[in-house]
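Q: got a sequence here, can you model it:
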Amino acid sequence: MRKHFFLFGLCLMLGGTGSIARNPAQNVKEPTPQQIIEAFAAKETEFYEAWMQYTYRQVATIRVLSVDGMERDEGLLMIWEVVFRDDGTREIQLVERKGRLRSVGWTADDEDVITNLQPFALTAKELPLYELNYQGKERVDELTAYVFSVKPKSTGGGRYYFQGRIWIDDRDLQVVRTMGKAVPQKRDNQFPEFETLREIVDNQYWFPTWTHADSVLRFPGQSVRVEETITYENYRRFGSKVKITPVEPPAFLRYLQPPR
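A: Numbers count the residues shown, from 1 in each chain. Next up is the predicted model:
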């Protein structure tokens, strides 16, 4: 069987809205883990719906760095444009492909995963498929974040899931960091661990802008080190009449944040 790996670059991304600047909090009660989960899932749902109304360019660079410890220099560059047809339907078009991978295979399934897999894995709709466990608090640059481990309750259904950790900003209750990989792992289908970041678009939406992975994939009888970098560029709102309806946050959320 020809071995190949699937990229998981578009999986879980960061979410949220507004500025992440801090104001001193006074007498603010810590939310429960369940309240944190409900709050960020509501935001993920809202921003996924907004994200689906944007065009952008997606650039993926895949490199094979070594095979069984021996250096290799193999690379593949793929560029897609996300566009909208006249009828308002969304389409992902491959506009450029350069290079070749020889040590691992690249299939239509790989391309489908990297371009079409749901990036906001923990929306309100997807959340019931996952088990989240609170791990405590950590610093993320200038932020303090709640940390959760994430794993699917089941890996059936012929699809891929996220497994790893997420960091939730303790002020705005939005995802600010993600590290993990796609599951299920198989003998001939290996998934690298990745980190994904977002930036604010149009002063209100946190959209994916960068995903990176550098992992050793262990196939039967052979280990391959791969590096992947995926960027999302030139976000532009599509001029359709589709209305984006904000999701109402949980009622408790208004009590967690002091006046600005």
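Q: going by C-alpha atoms from here, please, whenever you check contacts or count neighbours.
A: Fine.
Q: so who does Thr231 touch?
A: Thr231 makes contact with 58-60, 209-211 under the criterion C-alpha atoms under 8 Å, 6 or more residues apart in numbering.
Q: one more time with 10 Å
A: Shown in contact with Thr231 (C-alpha atoms under 10 Å, 6 or more residues apart in numbering): 9, 57-61, 79, 196-197, 208-212.
Q: so can I have JSON lines of the residues you listed showing distance to Leu173?
A: Output for the contacts of Thr231, formatted as JSON lines (distance: C-alpha to C-alpha, whole Å):
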{"residue": "Gly9", "distance to Leu173": "23"}
{"residue": "Arg57", "distance to Leu173": "28"}
{"residue": "Gln58", "distance to Leu173": "27"}
{"residue": "Val59", "distance to Leu173": "29"}
{"residue": "Ala60", "distance to Leu173": "30"}
{"residue": "Thr61", "distance to Leu173": "32"}
{"residue": "Ile79", "distance to Leu173": "33"}
{"residue": "Thr196", "distance to Leu173": "17"}
{"residue": "Leu197", "distance to Leu173": "16"}
{"residue": "Pro208", "distance to Leu173": "17"}
{"residue": "Thr209", "distance to Leu173": "20"}
{"residue": "Trp210", "distance to Leu173": "21"}
{"residue": "Thr211", "distance to Leu173": "21"}
{"residue": "His212", "distance to Leu173": "24"}
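Q: now for those, which pair is the farthest apart?
A: Largest separation among the contacts of Thr231 by C-alpha to C-alpha: Ile79 and Leu197, giving 19.2 Å.
Q: neighbour-wise, which of these two wins?
A: More crowded of Ile79 and Leu197, by other C-alpha atoms under 10 Å: Leu197, with 21 against 18.
Q: need the three-state assignment for the more buried one.
A: Under the three-state scheme (DSSP: H, G, I helix; E, B strand; the rest coil), Leu197 adopts strand.
Q: related to what we said a few turns ago, which one of the contacts of Thr231 sits closest to Ile168?
A: Distance to Ile168 across the contacts of Thr231 (C-alpha to C-alpha) is lowest for Leu197, with 12.7 Å.
Q: leaving out chain neighbours, which residue sits closest to the closest one?
A: Spatial nearest neighbour of Leu197, chain neighbours left out: Trp210 (5.4 Å); criterion: C-alpha to C-alpha, 6 or more residues apart in numbering.
Q: quick one: mean pLDDT for the helix of greatest length in the chain?
A: Within the chain, and with DSSP state H defining each element, the longest helix by residue count is helix 33-51. Mean per-residue pLDDT for helix 33-51: 92.
Q: can I get that helix in CSV? Just the C-alpha atoms.
A: The C-alpha trace of helix 33-51 is given here as CSV (Å, rounded to 0.1, in the frame of the first residue of the first chain):
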residue,chain,number,x,y,z
PRO,A,33,-15.3,25.1,33.0
GLN,A,34,-18.7,24.4,31.5
GLN,A,35,-19.4,28.1,31.2
ILE,A,36,-16.1,28.7,29.5
ILE,A,37,-16.9,26.0,27.0
GLU,A,38,-20.3,27.3,26.2
ALA,A,39,-19.0,30.8,25.8
PHE,A,40,-16.2,30.1,23.3
ALA,A,41,-18.4,27.6,21.4
ALA,A,42,-20.9,30.3,20.8
LYS,A,43,-18.2,32.6,19.4
GLU,A,44,-16.7,29.9,17.2
THR,A,45,-20.2,29.4,15.7
GLU,A,46,-20.6,33.1,15.0
PHE,A,47,-17.2,33.4,13.4
TYR,A,48,-17.4,30.3,11.3
GLU,A,49,-20.5,31.7,9.7
ALA,A,50,-18.7,35.0,9.1
TRP,A,51,-15.6,33.3,7.8
